[in-house]
Every structure is written in C-alpha cells, then in structure tokens.
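Participant: okay, predicted coordinates and the sequence, questions at the end:
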Amino acid sequence: MEVIETKIDTHSAQYIENYAHMENLVARLREALRVAREERSEKAMKRLREQNKLSVRERLALLLDRDTPMLEIAPLAAYDMYDKGVHGAGSVAVIGVVHGREVLVMASDPTIKGGTIYPMGVKKSLRCQTIAMENNLPFINLIDSGGAYLPLQSEVFPDVDDGGRIFYNQAIMSKMGIPQIAAVMGLCTAGAAYMPAMSDEVVHVKGTGAIFLGGPPLVRAATGEVVTSEELGGADLHCRESGVSDYWADDDAHAIQIIRDIVKNLPNPGKSRLSTVSPRPPLYDPTEIYGIVPRNLSTLYDVREVIARIVDGSEFHEFKALYGPTLVCGWAYIHGYPVGILGNNGVLFSDSSLKATQFIELCDKRGIPLVFLQNITGYIVGREYERRGITKDGHKMVNAVATATVPKFTVMLGASFGAGNYGMCGRGYSPRFLWSWPNAQIGVMGGEQAANVLVSVKNDQLAREGKPPLTPEEIKAIKDPIIMLSEKESNAYYSTANLWDDGIIDPAKTRDVLGLAISASLNAPLHSGPQGFGIFRM
C-alpha cells in the first residue's frame, strides 16, 4: 500500500488556530467525563460506605482483567438532563475483558438517585442489549436499582422501546444463546426484579441484595404485612427457598469473584477470522488531527490527512482516486485489522455515490469491515443534478449501506446533515458502533440553511399574496430562534445525551476506539445475514 504523504504545515497560523480550538473542545470533553465519573453527593457516598458496598467503578475494576483495554458505552448519556444529576443515565456500561474473553458489562450506579431507572437509562440498557446481540457478547448485569423513576413512569413503562423491551430482549438473547449473568448487589425492585430472574445465572449478595416485585412499603400498603427487605427478597430467601438466585455471596468482592468463575467456565465459540497483519502505529502523530480539522464546519479539508493519522503505517490503498473525488474510498489496516474506509471530501454527487456503492459491494463480498468517516452536508441539489439522476444514484448508495452485512463503524468528524447522514451510515443504518468528535453537529440541515429556507418560503408566500417581502427586522426575528435552536439541538453533547451515538471521543483516540470495536465485533459471525443487495434503480 502507498503511504499517505501529509501536506499539513504544523507551523502555519491556520493549523495552530485549529489545534487550539480542538484542544479546548477536548478539554471540555475530559471535564464532562470526569464529572460523570466522579461527582457524587457526600450523602450518597456515605450511604454506600455504611452498606459496605463498592462503588460502580470499583466493581468494574475487580471484575475486568487487569491491564486490559476497556471501551465505555455512552458515558455522557442523559447529559444536562434531569437537573443535570443523572450521570451516564444512572449506569456505567463497558466492553471489557474477563478471563481473556470480551464481555459487555452493565452496572447500576447506586450513588445516583439510588440506582433509579430514568427514561434515558432504559434507552441505554436497550442500546447495550443491541450491542450484545449484534456482536455476540456475554452480558453481565451488576444490578443495584430501586426500579423505575415513578414521576416519569409514562416515559419508562408502556411503549415498544420502553422498560418492557429490556425483558423481551433478555428472552431473545437467551434464545440466541448469549450468556446472561446477573449480580444482585442492591435493590432489584419492581421491573428491575425481572433482570436477574430472566438471566442464566444469578449471584446474590447477602444483606444488601434484594429481589422483589413490590418492596416493603408497597407490601405494607397493599396487604398490611410488615416485612424487611431481607425477609422479603434477600439472599437467604432466594438462594435457599425460592430458587430465584443461584449463588450466595458474602459481599460485593465475593460476588464479583463468582462472576469471574462463571465466565471462565463458559464455552468459548472463538472469534471470526480476518486476514490480519501485525499492527503498526501511524507515521504521524494522531494529535495532529486537532490542527487539521477547521474550526468552521463549512471549511473543507482533505480527509486523507485524518486517515493518515488513524491507519497502520499511514498506508492507504485508494479506490477510484480520480473518480468521484468528493468521497475518498480505500483499504487500510487499523490495529492489524483490514478495513474499507469511506471519508467525505465534500458534498455527495452522482459519481461519488456510485463509487461508494461499488466499494461497499466489494468490501461486503470480501468480508472486510466498513469504516465511515462522516463529515457531510448532504447530496448535491439543483435542476441539473436531478436531471442527471442524483436521487437514484444516492438511492444506490443508501441501499448498499443498509444491506451490507459486514460490521460497520461510523465516526462523525464534523457535519452530519440531511440524507448525507443516511448515506454515510448514520444511526438509522445500524452501524455496530457510532461515535462523535466533540465538534460534530447533526441535523436535517445547518441552522443558517434552515433559517434561510424558512425565510425563502415565507417570501414566496408573500409574493403569491401580492405583499412586499420580509423586512430585515422580520427576517432576523425568524432566523435567530431557528439558529439558536439548531445550535442547541445539533451539537455533540445533545446528540450523546439522547444516545444518538455511543459516545463523544477524543479525535486522537479514534484509532484505538475503532480497534477495540472491531475486535468486539468479531465475536459474532462476520456477516450479519445472507449477502446480497436490493434492486438498484438504473
């Protein structure tokens, strides 16, 4: 493969300005992640100590193999929601290694509202189950939850993507043969009681762990019976009498050791094989990405410069380099894994769409995972392009993205607008994982463009009515609220809060995040279903 020769001047004023801007964005990201990990009330921490419990991070540290990499899922879910206090949507989710085997761990955080489940907590649980099912990962659930947050029960309970879907998924995962292991480390109340009940094996901590459909207050209100949590659903009851739980644990550390023993005893089906090579670092420092990416998303840059700082040896075998130049396609290796990369270098035209379609077909046929580096304002518009068939050519690309069966991974490097989001494998096209850089924006279109469209529509209406066009003051009154709303709802933090991605990542860590994700995906068959594509309109 040819080495990408960088054309970046790291001493230029533009590079230095870009670097400082991205460095500030990354600093903000690190602080947001620190807050999500560490900031808890003293009252909650005191109660944790009084109960002789480990914190959620301490539990994970004991569970996962030492000095092994870990990929956290949606650490900023529910960011800025629910009075800004439900960090990570009330849980921590990671893909990590236990006895040399990759697993997905979902752990309640009892220091956040007692582990109460909020609507975004349900959505995070569903997302983690999807990851486990798509990638055939054993699912370990460390449960310490008071059940649904009742003031928001209408957003937690009844719909197809609400709380009941968690238990539906557990049944499907069981049918699929995906191991499910639960540790009852605190309350498992109401709906949360079904999480261990529907798991394959259940470890129950004495004294603190309790499983019941209705807690002592509800039992007293409904029946008049006065009973303690331990009497109602403790380890002795469920390990000795009901049979709901399988293993008795003295404390958190003992429970985690039992889980490790269970995982060690699981049959290992092995992983899908790719034609790997020995991994090599890029020739260029990945932090140089900070200076490559412009502060203004509308400013174009060569995505090859980003690719050169992500792939092994900065080597890239480009496909159709002279055709459809607004989309860069080609093959490379990331941490020794072969990948097919599609990266935006401008708006998508018919030729770039057709190029993408052929490239995706080749990768799917050859069993090569796809990586989408998304920085796209959309497909080209205009009479001449419609005449040439941009709609049907864009359809071919979207069809190929949707029906490709190899693992797909998406990173939003900047803009993600309109149908370009679809064509470059946005969330609706089921990439195995999707991440955002801290500068990313997502929406039907940019705020300025959306505001201008509304102004144009209003002026057209006025013209039809024989009235004068909008005044500058009226235009401003229309545009300002639209732009402000767009800035709020299109930024990376709003996106990650709503779980439109699996997390915001430091651009310099993109290579490592992709490597971990590709490795996890190989626990499942390389093709997610029968190969083949739909009808391409000619």
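Facilitator: Okay, I see it. Numbers count the residues shown, from 1 in each chain.
Participant: skipping adjacent residues, who's closest to Leu462 in space?
Facilitator: Excluding its sequence neighbours, the residue lying closest to Leu462 (Cβ to Cβ, 6 or more residues apart in numbering) is Pro469, at 6.0 Å. (C-beta placed from N, C-alpha, C; glycine too.)
Participant: mind pulling up the phi and psi values for the one you found?
Facilitator: phi -70, psi 170 (degrees, to the nearest 10).
Participant: does Asp186 sit in a helix, a strand or a coil?
Facilitator: If you look again at residue 186, you'll see it is Gly, not Asp. At Gly186, secondary structure determined by DSSP: H, G, I helix; E, B strand; the rest coil is strand.
Participant: for it, list the residues it contacts.
Facilitator: Applying Cβ atoms under 8 Å, 6 or more residues apart in numbering, we find Gly186 in contact with 51, 53, 108, 110, 115, 143-145, 208-210.
Participant: in the helix or strand harbouring Leu48, what counts as buried?
Facilitator: Under the criterion of DSSP states H and E, Leu48 resides in helix 42-50. By 16 or more other Cβ atoms under 10 Å, the buried positions in helix 42-50 come out as Leu48.
Participant: residues of stretch 13-27 that come out buried?
Facilitator: By 16+ other Cβ under 10 Å, the buried positions in stretch 13-27 come out as 15, 18-19, 21-22, 25-26.
Participant: helices or strands up against the lowest-mean-pLDDT helix or strand in the chain?
Facilitator: Ranking every helix and strand in the chain by mean pLDDT, DSSP states H and E puts helix 472-489 at the bottom, with a mean of 83. For helix 472-489, the packing partners by 3 or more Cβ pairs under 8 Å, 6 or more residues apart in numbering; DSSP states H and E come out as helix 447-464.
Participant: and the helix it packs on, how far out from the chain's middle?
Facilitator: 35 Å (Cα atoms, centre = their mean, to the nearest Å).
Participant: grab the nearest non-local neighbour of Val311.
Facilitator: The shortest distance from Val311 to any non-neighbouring residue, by Cβ to Cβ, 6+ apart, is to Ala332 (3.8 Å).
Participant: the one you found: neighbour count?
Facilitator: 23 (other Cβ atoms under 10 Å).
Participant: and the pLDDT for Leu266?
Facilitator: Leu266 carries a pLDDT value of 97.
Participant: also Arg240?
Facilitator: 96.
Participant: next one: it from Val184, what distance?
Facilitator: Arg240 is 14 Å from Val184, where distance means Cβ to Cβ, to the nearest Å.
Participant: the more surrounded of the two?
Facilitator: Neighbours were counted for Arg240 and for Val184 using other Cβ under 10 Å; Val184 has more, 33 against 11.
Participant: just checking, that one touches Lys206?
Facilitator: No - the criterion here is Cβ atoms under 8 Å, and Val184 misses it with Lys206 at 10.0 Å.
Participant: can you show me the helices along the stretch 101-250 of the chain?
Facilitator: For the stretch 101-250 of the chain, the helices defined by DSSP state H, counting those that start in this stretch occupy 119-135, 163-176, 194-197, 216-223, 229-233, 235-236.
Participant: how distant is the least confident helix or strand of the chain from the center of its chain?
Facilitator: 30 Å.
Participant: just the CA atoms of it, as CSV, please.
Facilitator: Output of helix 472-489 as CSV, limited to C-alpha atoms (Å, rounded to 0.1, in the frame of the first residue of the first chain):
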residue,chain,number,x,y,z
PRO,A,472,-34.6,42.9,7.6
GLU,A,473,-36.1,43.1,11.1
GLU,A,474,-38.7,40.4,10.2
ILE,A,475,-36.0,38.2,8.7
LYS,A,476,-33.9,38.4,11.9
ALA,A,477,-37.0,37.6,14.0
ILE,A,478,-37.5,34.4,12.0
LYS,A,479,-33.8,33.4,11.7
ASP,A,480,-32.5,34.0,15.2
PRO,A,481,-34.7,31.4,17.1
ILE,A,482,-34.1,28.8,14.4
ILE,A,483,-30.3,29.3,14.6
MET,A,484,-30.3,29.2,18.4
LEU,A,485,-32.4,26.0,18.5
SER,A,486,-30.2,24.4,15.9
GLU,A,487,-27.1,25.2,17.9
LYS,A,488,-28.6,23.7,21.0
GLU,A,489,-30.0,20.5,19.4
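Participant: ranges for the strands of the stretch 151-300 of the chain?
Facilitator: 180-189, 201-205, 210-212, 247-249 (DSSP state E, counting those that start in this stretch).
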